[in-house]
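> Need coordinates for the below:
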Amino acid sequence: MTPAEQLFGSNVVAMVTPMRPDGSISDAAVSGLVDHLLSTGCDGIVVGGTTGEAPTLSDDEATRLVATVKALSKGRARVIAGVGTYDTAATIRRAREAEEAGADALLLVTPYYNRPTQAGVVAHSVAVADATELPIMLYDIPGRTGTALTAATITELAAHPRIRAIKDAKGDLFEAMSLIRSTSLAYYCGIDELNLPYLASGATGVVSVIGNVVADRNAALIRAVRQSDLPAAQEISQSLIPLTDALMRTSSGAIMAKAALAELGIIPSAAVRLPLLESPEADLRKLREALLTIAVLAA
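Model prediction:
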């Protein structure tokens, strides 16, 4: 196991936050989902990330989720708390609360909406990294934040002793390969559509939305790449295309992952909080067809 895997895992799932139809968090459903993730080979769980509907979680809810998932995982998976906001003081507060709740690591998204300069991103990230003793995984997703991390910024932040990894949802594979070569950061693919090329290019692992449903397939994909079994890796990757398309190329990963888990009976409700809405029927039909394909393949 590499040092990065010890800190964050390799088969990491961006966990949804199960809710009742009234929008309140269901502790029972959280427990059932964590059991499912652990039983299907997940070794890292992101709590309160984008897929977990972080923007609509209160500070108290976010902290309680970390504590709950930490207790349920019993050391079988690293618990990574999503703490990033567009306010450095609020992010530091959430980071400290997550540390107190038992988080093993932090996921730090680039500040969104206010679109700081690269110098501002560095100052923000260093301030958060200095606020706790936890290792940090940066989260580069310019499609949501409006600000991409430049290679120079990533290189500068990689010098901080607690900034140890990056979840790359930018999709610049050449830049990722270059930074894997030139920095000590562990790279994690944050785009399920590109899990295979990132892993084949040297990524440590994945932070996956589809992993809510098929963490076992992601584990097999990681294993095949590490064993240099390209045909097996290609077969697994291609088998996941219908599900990846249904979850990631329709309404939203958070919405569709919940819908898939509800369809499979893993969580009782696909409820989401506004401004998200549950899946329209056309998306559900596509999802059901994809799940049937997965079930047939699994059999």
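> what about the helices in the stretch 101-250 of the chain?
Secondary structure of the stretch 101-250 of the chain (DSSP state H, counting those that start in this stretch): helices at 118-129, 142-145, 151-158, 173-182, 195-200, 211-226, 230-239, 241-248.
> Report all helices and strands that the fourth one contacts.
In other words, helix 173-182. helix 151-158, strand 186-189, helix 195-200 (3 or more Cβ pairs under 8 Å, 6 or more residues apart in numbering; DSSP states H and E). (C-beta placed from N, C-alpha, C; glycine too.)
> at 7 Å instead, please
Judged by 3 or more Cβ pairs under 7 Å, 6 or more residues apart in numbering; DSSP states H and E, the packing partners of helix 173-182 are helix 151-158, helix 195-200.
> Run through who's touching it.
Applying Cβ atoms under 7 Å, 6 or more residues apart in numbering, the external contacts of helix 173-182 come out as 151, 154-155, 168, 185, 187, 197-198, 201-202.
> Check those and tell me the two furthest apart.
Thr155 and Pro197 (22.1 Å; Cβ to Cβ).
> List the residues that contact Ala98.
63, 66, 81, 83, 106.
> ok, now with 10 Å
By Cβ atoms under 10 Å, 6 or more residues apart in numbering, the contact list for Ala98 reads 47-48, 62-63, 65-67, 70, 79-83, 104-107, 132, 134.
> Filter those residues down to the buried ones and hand me the ChimeraX line.
Applying 16 or more other Cβ atoms under 10 Å to those leaves a buried subset, and the ChimeraX line that selects it is:
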select :47,48,62,63,65,66,67,70,79,80,81,82,83,104,105,106,107,132,134
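> In strands, which of the contacts of Ala98 appear?
47, 79-82, 105-107 (DSSP state E).
> Which helix runs longest in the protein?
helix 281-298 (DSSP state H).
> quick one: buried residues of it?
Buried, per 16+ other Cβ under 10 Å, within helix 281-298: 283-284, 286-287, 290-291, 293-294.
> Now do the buried residues in stretch 199-206.
So for stretch 199-206, counting by 16+ other Cβ under 10 Å, buried means 199, 201, 203-206.
> Looking at these, spot the one nearest Ala4.
For the buried residues of stretch 199-206, the nearest to Ala4 is Thr204 (4.8 Å; Cβ to Cβ).
> now the closest residue to the closest one other than its chain neighbours: how far from Ile163?
Once flanking residues are discounted, Thr204 sits nearest to Ala186: 4.1 Å by Cβ to Cβ, 6 or more residues apart in numbering. Computed as Cβ to Cβ, to the nearest Å, the Ala186 to Ile163 distance reads 11 Å.
> ditto for Ser31
32 Å.
> Now do Val296, the pLDDT please.
On the pLDDT scale, Val296 is placed at 51.
> Look up how far Gly120 lies from Lys74.
Distance from Lys74 to Gly120, by Cβ to Cβ: 39 Å.
> Dump the ones in strands among the contacts of Ala98 to a markdown table, plus pLDDT and distance to Ala257.
Below are the ones in strands among the contacts of Ala98 laid out as a markdown table (pLDDT from 0 to 100; distance: Cβ to Cβ, whole Å):
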| residue | pLDDT | distance to Ala257 |
| --- | --- | --- |
| Val47 | 98 | 14 |
| Val79 | 98 | 18 |
| Ile80 | 98 | 17 |
| Ala81 | 98 | 19 |
| Gly82 | 98 | 15 |
| Ala105 | 98 | 21 |
| Leu106 | 98 | 22 |
| Leu107 | 98 | 17 |
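> All set, thanks.
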